[in-house]
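Trainee: what would the 3D arrangement of this be:
(2 chains)
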Number of protein chains: 2
Amino acid sequence: MTTIHDVVVVGGGLAGLSAGRSLRNAGIDAVVVEARDRVGGKSYTAHTDYGDVVEYGGQWVGADQEHVLSLIDAFDIDTRPQYDDGAVVSRVAGQRYVEPTYMDALRALPGESGSELLAAFEEIARCIKQIPGARPQNAPHADEWDAMTLQTWIDQQFETPEAQAAFERMIPGIYTADPSDISFLFFCYYARTAGGFHMVAGLDEEEDSHTDVVVDVQSIAQSVADELGDAVHCGHPVTRIEQDDDSVRVQTPERTYTASYVVVAVPPTLAGRIDYEPALPAARDELMQRMPNGTVVKCHVRYVDPFWRDSGFSGLVEDDVGPVNYFFDDGHPDGETGRLVGFICGSNAREWADKSTDERRVAVIDQLVSLFDDDRFDTPIDYLDQSWPSDPYSRGAYHGYPTPGTMTACWDAIREPVGRIHWAGAETATRWYGHMDGAIRSGRRAADEIQFKRSA
Amino acid sequence: MTTIHDVVVVGGGLAGLSAGRSLRNAGIDAVVVEARDRVGGKSYTAHTDYGDVVEYGGQWVGADQEHVLSLIDAFDIDTRPQYDDGAVVSRVAGQRYVEPTYMDALRALPGESGSELLAAFEEIARCIKQIPGARPQNAPHADEWDAMTLQTWIDQQFETPEAQAAFERMIPGIYTADPSDISFLFFCYYARTAGGFHMVAGLDEEEDSHTDVVVDVQSIAQSVADELGDAVHCGHPVTRIEQDDDSVRVQTPERTYTASYVVVAVPPTLAGRIDYEPALPAARDELMQRMPNGTVVKCHVRYVDPFWRDSGFSGLVEDDVGPVNYFFDDGHPDGETGRLVGFICGSNAREWADKSTDERRVAVIDQLVSLFDDDRFDTPIDYLDQSWPSDPYSRGAYHGYPTPGTMTACWDAIREPVGRIHWAGAETATRWYGHMDGAIRSGRRAADEIQFKRSA
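Mentor: Residues are numbered from 1 along each chain as shown, chains lettered A, B, ... in the order given. Have a look, this model is predicted:
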């Protein structure tokens, strides 16, 4: 079966759906072709039979994420404040701290290490200011910063082991990669696209990093899909894209789509697994080879009630023992079910991704008992998780990252169209890289490119 | 069309053919399925209509590469000595040197830089001794060395800019990656599999690094394929591998092969582009995401005669201006056609891979005129090249490399079978990683694994 359209969008996550929506709003016949039997990609919500809503993927939005907020507003989707009333538990190099706020926990590090950590944040802010927004490969120190891992920068920056451990412990939860895996240039660029490191690190004394929890995140994607109606085709994994002077043909096992343009709105490493005819330019192919996805397993633990709140805990935990790197209280501020959400990231995720949910359940619950020194954590009413690296249509999360040397070598290709092929996805965003907001921006930007071409 | 066999081997390069040969010699019904219309992979020979033999891929063999030498011997394939009589031209940071030998050129660096370079080679030798042969991730300093790029090690090691420039200039030609792209751990491991850095760097005062040129390299692969006869199926790109408790099914557009086992004998980044059912474990998938191929364009320039020999040049050139990083005299020691072979590597290859052969011809010939300060280089009789990153069935060469952090994160998966799937290819070799010899060893090792399983 072959159908003919103006534009085919590959991928029904927020990037692809946003591209499709922008194009259709401009009167262009676009279809969105999605491999899974659902839309939303890594915005993925489950509804349990006892009435709970579980977010397996993205779930937070920030005050300046205007693109995702515009969709939340347009579709009248609920958000709620992130619960953060109470003490923060952190464990650094085996030492457990309980402090009023996250920043207090950092300041409470022994000796000079607290102030050393704050000085490092200031140094990072100075470096980030030097990164051009759209072309980080043109930063004054781009070659130097891309040729060193974040670990090397850390080793050179820190003098006290406690400050270094505290900083290193922050990285996997933010980047879903370890300090050895990314360059200092990407470290800075990613944070820059979010408005600064404090924005992604949740350094919560900075007001602009305020975030809300979206209730049923997937309803954002689903609402766009509902609006697009028959223009969204689920269950059709794209295997091949052929283009010539006249058109582009997008193949799936059951259908072939013919169009004038295609928007590929999947992470670069998955885009690389599509068969292209003619073959893509070497620079584009190399970029896709050098942008693996991060590794993260997202865990949910549910209790009858949020009893830790009565003990004075906010539920925010940062831990370098693991398996979970971070926990948050994921519940309504006014109580109801006790909800904790945890992220197993980077090297921890590598250790746990291929294990069973049952094995992870035991380890995560043991970790909670130990972190809070409270046996009540031993009896949850439910445990659910999602191993993103194991998911064949994601193969990792939160996003793809360029390996050291890649931004200076190949970043010119990240958004550069190849003939009739345009690229979207949260990795192409110059604001909120890797976030839902960045994904939506990227789809809108790719749609703009095609509208411009059609009008030219 | 479906055919049934004991083993299907994916990839008709030296790894896959060697696996097929070992299996069939053991009485096992193995077929080798190759995407291209030829065997040999990156051992690829062209015959010009004026009778010249042109090696687009691998062409040298070393005295201790017993596996490739055993095939060369078995099939009575010719080799000839590498011509090396005469002066070496090198250009470091714009300064041109003409010295009797390559080591002399290194020693001739100004001031302390020559001795500093030799001291660095000794330090590398000390580090390499600490790398376990089969499990580099278990080296005493594995975490530290994998978390730093080679560039960082260089920055810490060298004090004189000339020694640093000379060392940096050596890397792309050996690793087909820049010092920013690989970790110090992989740098050491790769060299270790070859017997030391002097073996891969051609530090030619060490007798054991002696190499010969194979005449018609592809005839090695072709001879194995001829022996295998109908068991080699060219023109069938594998798109999907399904396995269950009973069997494995290997799909190509025109045929499906059913077997008990499959050997995937293609580079990791291309293995990652096959669709697997069930999905591969996260650790294996992540490894394939984190092993891009190197970037290299191999160039051949042909002259009526090797006139540079009469001027006292060996034809060996090392240049950090480019586009070519290295030239060698590729001709018979007793004369005939003048033959120079050059390698455009790493960042140079990125700049030139997507350009036309005509554009590269002009730049390479200009480079030769300038390097030798001799206008006779301006009038070749032929220029040919192969852009491996542009080749859809290779997408880079000489081999895949793990990015920083990858060996300590994922290297357990490099040879670990996944159910009925076994892995071969030069990246899996613990001797001569990335070389023809390593490819052959890897195929034989994968065949051994399957024989062992069948006999168990």
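
Trainee: could you pull up the residues touching A:R284?
Mentor: Shown in contact with A:R284 (Cβ atoms under 8 Å, 6 or more residues apart in numbering or on different chains): A:A413, A:E416, A:V418. In this view, the C-beta of every residue, glycine as well, is placed from N, C-alpha and C.

Trainee: tell me the one among those residues nearest to B:Q65.
Mentor: Taking Cβ to Cβ as the measure, B:Q65 lies nearest A:A413 of the contacts of A:R284, at 36.5 Å.

Trainee: please check the contacts of A:R284 and keep the buried ones.
Mentor: A:A413, A:V418 (16 or more other Cβ atoms under 10 Å in any protein chain shown).

Trainee: number of residues surrounding the closest residue to chain B within the stretch 1-150 of chain A?
Mentor: Chain B sits closest to A:A147 of the stretch 1-150 of chain A, with a gap of 3.5 Å, by Cβ to the nearest Cβ. A:A147 has 25 neighbours, counted by other Cβ atoms under 10 Å in any protein chain shown.

Trainee: I figured it was touching A:G405, is that so?
Mentor: Yes: contact criterion Cβ atoms under 8 Å: A:A147 and A:G405 qualify, at 6.2 Å.

Trainee: overlap of the contact sets of the two?
Mentor: By Cβ under 8 Å, 6+ apart, A:A147 and A:G405 have these common neighbours: A:S183, B:T149, B:Q151, B:D178, B:S180.

Trainee: from these, pick the one nearest B:V266.
Mentor: B:D178 (24.1 Å).

Trainee: I figured that closest one was touching B:M170, is that so?
Mentor: No: if you go by Cβ under 8 Å, B:D178 and B:M170 don't touch, sitting 11.5 Å apart.

Trainee: more neighbours, the two?
Mentor: Legend: neighbour count by other Cβ under 10 Å for B:D178 and B:M170, higher for B:D178 (27 against 21).

Trainee: could I get the phi/psi values of the nearest residue to the more buried one once chain neighbours are set aside?
Mentor: Using Cβ to Cβ, 6 or more residues apart in numbering or on different chains and skipping residues adjacent in sequence, the residue nearest B:D178 is B:G346, 4.4 Å away. The phi and psi values for B:G346, taken as degrees, to the nearest 10, are phi 60, psi -130.

Trainee: now do B:G346 against B:R192, distance only.
Mentor: Shown here: B:G346 relative to B:R192, a distance of 21 Å by Cβ to Cβ, to the nearest Å.

Trainee: quick one: residues contacting A:L117.
Mentor: A:L117 makes contact with A:L106, A:L109, A:A163, A:A166, A:F167, according to Cβ under 8 Å, 6+ apart.

Trainee: same question for A:C188.
Mentor: By Cβ under 8 Å, 6+ apart, the contact set of A:C188 is A:I124, A:C127, A:I128, A:Q130, A:I131, A:P136, A:A139, A:W145.

Trainee: Three-state assignment for it, please.
Mentor: Secondary structure assignment for A:C188 (DSSP: H, G, I helix; E, B strand; the rest coil): helix.

Trainee: tell me, how many residues neighbour A:P237?
Mentor: Residues near A:P237, counting by other Cβ under 10 Å: 18.

Trainee: doesn't A:P253 make contact with it?
Mentor: Yes: contact criterion Cβ under 8 Å: A:P237 and A:P253 qualify, at 7.0 Å.

Trainee: joint contacts of those two?
Mentor: Residues touching both A:P237 and A:P253 by Cβ under 8 Å, 6+ apart: none at all.

Trainee: what helix or strand does A:R284 sit in?
Mentor: With secondary structure defined by DSSP states H and E, A:R284 is part of helix A:282-289.

Trainee: next helix or strand past that helix?
Mentor: strand A:296-303.

Trainee: neighbouring strands for that next one, and are they parallel or not?
Mentor: Strand pairing for strand A:296-303, using DSSP bridges, gives strand A:338-345 (antiparallel), strand A:382-387 (antiparallel).

Trainee: packed most tightly, which of those would that be?
Mentor: Mean neighbours per residue, mean count of other Cβ atoms under 10 Å in any protein chain shown, is largest over the strands paired with strand A:296-303 for strand A:338-345, with a mean of 25.

Trainee: look up the closest residue to A:R431, ignoring the ones flanking it.
Mentor: With sequence-adjacent residues excluded and distances taken as Cβ to Cβ, 6+ apart, A:R431 is closest to A:T193, at 5.5 Å.
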